[in-house]
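1. Quick one, fold the following:
(one chain, ligands or ions: 2)
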Amino acid sequence: MKLLTFRGGIHPPSYKEKTKDCRIKRIPIPDFLYIYLSQHTGTPSSPIIEKGVEVKIGQKIATLGGKLSSALHSPVNGVYEGIVTHPHPLGGRKEAMKIRVLKEKDKPFEVTLREDVTSLSKEELIEIIKESGIVGMGGAAFPTYYKLQIPPGNKIKDLIINGVECEPFLTSDYRVMMEYSEEVIKGIDILRRIIEPENVWVAIEDNKLDAFRRLEDAASKFPWIKFALLKTKYPQGSEKQLISAITKREVPEGGLPFSVGAYVQNVGTVFAIYEAVYLGKPLFERVVTVTGSIRHPSNFLTPIGTPLEHLIEVAEGPIGEIAKVINGGPLMGITQATLKTCVTKGTTGILVQSERELKKMEPTPCIRCGACVLVCPMRLLPTELYKYIEKEKWDRVEDLGVLSCMECGSCSYVCPAKIPLTQEIKIAKNKLIKKESK
Ligand code: SF4
Ligand code: SF4
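-> Ligands and ions are numbered 1, 2, ... in the order given. Reported below is the predicted structural model:
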């Protein structure tokens, strides 16, 4: 099979061997959960229960706060202690629903098997997905029901199921594909019925051949599913790069995949869709890879709202002093200011790094080697961007296309001068966006 790929990109070590064979395990529940009202793209969720009430596992506790928003569900049997402000993974403090866990009442969610899935209409399927609070689980957390409302006149040619997981260290999607291959295929069938694409692709990198084969076997009764094997390269899993590798069509700057007839959905999201439609289970827990300098790295089925400090304790604590904890992978993840931050629907993994591991990253002047330009998948000139960001020449920075930077981290990764290019570009993007919205 021919390996597909895109232009640019990097080949960082994968470090996936630490957790790739770790089966998904349910964690012991913490004493308290903090479920952020804002953990998805769009308007914060709006609570629908009163302080002090007892909640049941799977119960809806917040509804959509606007047109683009998401519902929230309790991951445990517990008592709702009201809204608090709590440290958020994106920085600062945000409103969260605090739930005291009733450990004596801990029991699994009771699924309700749905027999009539094939008779459900598109609209009914989208409504189930909306009511189940499903958002993109690859990290973006975009509400799925909204993404499924394809604007009229935009026929989807290629539905692509993203099983790439190109970020080093992370293996949560890989484990879902290995352990729930049949369920993932059923989830893909639901998406196919809603979107009605010409082609359905499952895309996986060639460092996950066992997952590739397992899904191929599970899809034996679904001959319309095509499989695309991709070269292992970062950021192969980003929407635009994936669409380019498979369809050879380029999403224009500022455009959406619809504009080139493509629709991408992460494999974890597809599994959540299966659970919602077939089992009546809303999205209140997810698989999180806990890895790095930790005694017992693994893939944990984690209630949404679990504090990171609890997850690190479940993984038997750090090896040595913790220097840094990242929510996500090392390239696109976000460094956490405190371990009080909690797991959200978009948390793919937690990476713990020790003092010993972190090499001294003091930047030196640019040597004009051009390495950052060669790897940029968006064909930007990171070195030039950095030069004008330093001089605060914002018009020039904008002309150089800073807003199309996807913050993949490739330029920083290859820079021999250790210049924090991505970080500076991210800050510049935020400044420009704020300036433009005034
Ligand atoms: S400029 Fe942006 S898109 Fe290009 S390599 Fe750097 S982080 Fe990635
Ligand atoms: S990779 Fe670093 S040193 Fe090389 S041109 Fe880019 S910014 Fe300069």
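
2. Chain neighbours aside, what residue packs nearest to Gly254?
-> Ser404 (7.1 Å; Cβ to Cβ, 6 or more residues apart in numbering). For the C-beta atoms, the positions are set from N, CA and C on the backbone; glycine is no exception.

3. What is the neighbour count of that neighbour?
-> 14 (other Cβ atoms under 10 Å).

4. which residues sit in contact with the closest residue to Pro197 other than its chain neighbours?
-> Sequence neighbours aside, Leu159 is the residue nearest to Pro197 in space, at 4.0 Å (criterion: Cβ to Cβ, 6+ apart). By Cβ atoms under 8 Å, 6 or more residues apart in numbering, Leu159 lies in contact with Leu191, Arg192, Ile195, Pro197, Asn199, Val200, Trp201, Ala262, Tyr263, Gln265.

5. Over to Gly237?
-> Applying Cβ under 8 Å, 6+ apart, the residues near Gly237 are Gly138, Asn162, Val164, Glu165, Cys166, Glu167.

6. Out of the residues you listed, which two are the most distant from each other?
-> Using Cβ to Cβ, the contacts of Gly237 reach their maximum pairwise distance at Asn162 and Glu167, which is 12.0 Å.

7. Neighbour count for these two, which is higher?
-> Each of Asn162 and Glu167 has its neighbours counted (other Cβ under 10 Å); Glu167 has more, 28 against 25.

8. Which positions in the protein make contact with ligand 2?
-> Within the chain, the positions near ligand 2 by Cβ under 6 Å from any ligand atom are 366-372, 382-383, 386, 414-417, 419, 421.

9. Which residue is it, in the stretch 1-150 of the chain, that comes closest to ligand 2?
-> Nearest residue of the stretch 1-150 of the chain to ligand 2 (Cβ to the nearest ligand atom) works out as Ile10 at 11.3 Å.

10. Give me the neighbour count for that residue.
-> 20.

11. What pLDDT does the model give it?
-> pLDDT for Ile10: 88.

12. so can I have JSON lines of the contacts of Leu159 showing distance to ligand 1, secondary structure and neighbour count?
-> Shown next, in JSON lines, are the contacts of Leu159 (distance: Cβ to the nearest ligand atom, whole Å; DSSP: H, G, I helix; E, B strand; the rest coil; neighbours: other Cβ atoms under 10 Å):
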{"residue": "Leu191", "distance to ligand 1": "28", "secondary structure": "helix", "neighbour count": "23"}
{"residue": "Arg192", "distance to ligand 1": "31", "secondary structure": "helix", "neighbour count": "17"}
{"residue": "Ile195", "distance to ligand 1": "28", "secondary structure": "helix", "neighbour count": "17"}
{"residue": "Pro197", "distance to ligand 1": "28", "secondary structure": "coil", "neighbour count": "20"}
{"residue": "Asn199", "distance to ligand 1": "27", "secondary structure": "strand", "neighbour count": "18"}
{"residue": "Val200", "distance to ligand 1": "28", "secondary structure": "strand", "neighbour count": "21"}
{"residue": "Trp201", "distance to ligand 1": "24", "secondary structure": "strand", "neighbour count": "21"}
{"residue": "Ala262", "distance to ligand 1": "19", "secondary structure": "strand", "neighbour count": "25"}
{"residue": "Tyr263", "distance to ligand 1": "22", "secondary structure": "strand", "neighbour count": "24"}
{"residue": "Gln265", "distance to ligand 1": "22", "secondary structure": "strand", "neighbour count": "23"}
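
13. Let me know the closest of those to ligand 2.
-> Nearest member of the contacts of Leu159 to ligand 2, counting by Cβ to the nearest ligand atom, is Ala262, at 30.9 Å.

14. picking up where we left off before, now, the residues of the chain next to ligand 2 that are in helices?
-> Ala371, Cys372, Pro382, Thr383, Tyr386, Val414, Leu421 (DSSP state H).

15. tell me the contacts of the first one?
-> Residues touching Ala371, when contacts are defined by Cβ under 8 Å, 6+ apart, comprise Val414, Cys415, Pro416.

16. Nearest residue to the residue of the stretch 151-300 of the chain found nearest ligand 1 in space, please, no chain neighbours.
-> Minimum separation of the stretch 151-300 of the chain from ligand 1 (Cβ to the nearest ligand atom) falls at Pro235, amounting to 7.2 Å. Distances taken as Cβ to Cβ, 6+ apart place Cys408 nearest to Pro235, at 4.2 Å, with adjacent residues excluded.

17. On the three-state scheme, the one you found is what?
-> With DSSP: H, G, I helix; E, B strand; the rest coil as the basis, the three-state label of Cys408 is coil.

18. Use 33 as the first number for this chain going forward.
-> Okay, using 33 as the starting number, the last item reads as Cys440.

19. I figured the residue of the stretch 183-332 of the chain closest to ligand 1 was touching Gly41, is that so?
-> Yes - under the criterion of Cβ atoms under 8 Å, Pro267 makes contact with Gly41 at 6.5 Å.

20. Could you list which residues are in contact with Ala173?
-> Here Ala173 is in contact with Gln71, His72, Thr73, Val167, Thr376, Lys377, Gly378 (criterion: Cβ under 8 Å, 6+ apart).

21. repeat that for 10 Å
-> Each residue near Ala173 by Cβ atoms under 10 Å, 6 or more residues apart in numbering is listed here: Ser70, Gln71, His72, Thr73, Gly74, Ser102, Val167, Thr301, Thr376, Lys377, Gly378, Thr379.

22. How many residues are close by the last one?
-> Read it as Thr379. 27.

23. now do the second one
-> Around Gln71 sit 26 other residues, with neighbours defined as other Cβ under 10 Å.
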